[in-house]
Structures are given as C-alpha cells and as structure tokens.
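Visitor: Structure for the following, please:
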Amino acid sequence: MTDRIPVTVLSGSLGAGKTTLLNHLLSTAGDRDIAVLVNDMGDVNVDADLIAEASEVDVEGVTELSNGCICCELQDDLETAVVRLANERSFDALVVESSGISEPAPVARLFTTESRAAARYRV
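Guide: Now for the predicted structure:
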C-alpha cells in the first residue's frame with residue numbers, strides 16, 4: 001500500500017533533546033505539513049506547550065496524550081489518535097514524540113504489526 005502516511009517515532013531519555021529536534025523539524029519542514037503527537041507522563045503536557053511556544057510554524061496539528069505512557073497504558077489511546085489523524089489526513093507526515101521514560105519498541109510496533117495504525121502508516 002503506497003499511500004500510507006510516513007511516521008517517525010522520536011524517542012530518547014529525559015533531557016535528550018527530543019523537543020528541540022522536533023522544533024527543528026517543524027521549522028525546516030518547508031511546504032510539508034507535519035502532524036505531531038506528543039506524549040507526556042504528567043497531567044499537563046509540558047512538551048506540547050514548549051513546541052507551541054518555540055515553533056515558528058503553525059502547530060495546530062499537535063495532538064497530546066498526557067497522564068500516562070504511550071508504550072503501555074495509553075497504547076489504545078495512541079492507536080485511536082493516529083487512526084483519527086489518518087482519517088482527517090490534512091498532513092504529509094506524522095512525528096510521534098514519546099515520553100522520556102517510554103520504550104520505543106512498543107510504540108514502533110504499533111505501526112509495523114497488524115493493526116489499524118499499521119494499515120495507514122509506514123515507519
């Protein structure tokens with residue numbers, strides 16, 4: 001299926017520079033529209049706020065999953081969110097920024113094994 005949406009899973013430990021890299025990607029995207037899904041463990045998604053404040057581009061495409069980890073307890077929420085985004089399809093690529101404590105393998109596996117998300121995205 002060649003019309004699958006490209007997705008990048010951005011992962012790393014706390015303070016590794018994930019949000020800085022994401023802001024760089026957004027500011028150098030050119031004419032590409034990049035949707036962003038940001039996961040934070042707290043009630044308030046600090047990374048989503050930082051992206052919105054630091055980015056020079058329109059970040060209406062930022063979706064937040066807070067108060068849990070997308071590699072485990074929010075896995076179903078992650079799948080629902082990315083499928084909803086794919087159905088709306090007003091972007092060229094998706095970047096999923098996981099929490100600094102998330103394991104990247106379960107997040108990436110969502111897009112590589114049989115799932116509703118894997119049918120719509122390619123890593």
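Visitor: So which elements touch the helix or strand harbouring residue 23?
Guide: Assessed by DSSP states H and E, residue 23 sits inside helix 18-27. Under the contact criterion of 3 or more C-beta pairs under 8 Å, 6 or more residues apart in numbering; DSSP states H and E, helix 18-27 touches strand 5-10, strand 34-40, helix 46-54, strand 93-97. (C-beta placed from N, C-alpha, C; glycine too.)
Visitor: Can you tell me which of those has the worst average pLDDT?
Guide: Among the helices and strands packed on helix 18-27, helix 46-54 has the lowest mean pLDDT, at a mean of 46.
Visitor: Looking at this protein, which helix is longest?
Guide: Identified as the longest helix of the chain according to DSSP state H is helix 75-88.
Visitor: so what secondary structure elements neighbour that one?
Guide: Against helix 75-88 (3+ C-beta pairs under 8 Å, 6+ apart) you get strand 34-40, strand 62-66, strand 93-97, helix 104-110.
Visitor: Export the ones you listed to TSV and append columns for mean neighbour count.
Guide: Shown next, in TSV, are these (neighbours: other C-beta atoms under 10 Å):
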stretch	mean neighbour count
strand 34-40	25
strand 62-66	19
strand 93-97	23
helix 104-110	18
